[in-house]
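Engineer: here is a sequence together with a model predicted from it:
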Amino acid sequence: MQNQCDTSTVDMAQVAAIAARYKNEPDQLMRILLEIQSVCGNAIPREAATVISSVTGIPEVEIYGFITFYAMLSDKPRGQYIIRMCKSAPCHIVGAREVAQAICDCLGIAPGETTADGLFTLEFCECIGLCDTAPAIMINDAVYTNLTPQSAVSLIRAYQQGGVC
Ligand code: FES
């Protein structure tokens, strides 16, 4: 089981500065949270939600509602690279299950887990809009399509060796 994000390395002044840029735009909560998450190591610590609330006036419960509802947000520590793979049936019948298994075997983790080196987190999610080119995955914002178990492992190896930005 993962713990809350380690806040010892998170600069709350930086969090407050990001929130302050949107002080009068409560409808920009998702943008605020994504920016803060990117500077907090792919996770939003509880203290950050408190800071966002005090700066913007958005209730803390609403902020937590966003963090827990949207799959792209998390309050748990995640890897530098977040691998997202659709778990829906249309993708699995064209080979996504085998690709997912190859990634799990390659990284030595199960879906929802992060590698011990902190490099990768593997997440299953609903449709990512790539059904016509499945099996497909996203690694952070990059999209990779028409994967096979072999090409998926090659891709992961390239990330491990720093060959992909
Ligand atoms: S159903 Fe899997 S990407 Fe759309």
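Structural biologist: Cool, the structure landed. Keep in mind it's a predicted model, so treat the numbers as computed, not measured.
Engineer: is the ligand contacted by the helix-or-strand element of the chain with minimal mean pLDDT?
Structural biologist: Across the helices and strands of the chain, mean confidence by mean pLDDT, DSSP states H and E is lowest for helix 89-91: a mean of 88. Yes - judged by C-beta under 6 Å from any ligand atom, helix 89-91 and the ligand are in contact via 90-91. Backbone N, C-alpha and C define where each C-beta goes, glycine included.
Engineer: quick one: buried residues of that helix?
Structural biologist: Burial within helix 89-91, assessed by neighbour count using 16 or more other C-beta atoms under 10 Å, is assigned to Cys91.
Engineer: what is it packed up against?
Structural biologist: Using 3 or more C-beta pairs under 8 Å, 6 or more residues apart in numbering; DSSP states H and E, no helix or strand is in contact with helix 89-91.
Engineer: for the helix or strand just after it, what is the average pLDDT?
Structural biologist: As assigned by DSSP states H and E, the chain's next helix or strand after helix 89-91 is helix 97-107. For helix 97-107, mean pLDDT rounds to 96.
Engineer: what's helix 97-107 in contact with?
Structural biologist: With contacts defined as C-beta atoms under 8 Å, 6 or more residues apart in numbering, helix 97-107 is touched by 83, 85, 110-111, 115, 120, 122, 124, 135, 137, 147-150, 152-153, 156-157.
Engineer: just the element for the residue of the chain most remote from its centre, please.
Structural biologist: The centre of the chain is farthest from one residue, Asn24, which by C-alpha atoms, centre = their mean lies 26.9 Å away. Following DSSP H and E, there is no helix or strand that holds Asn24.
Engineer: my reading is that Phe124 lies in a strand. Confirm?
Structural biologist: Yes - counting by DSSP: H, G, I helix; E, B strand; the rest coil, Phe124 is located in a strand.
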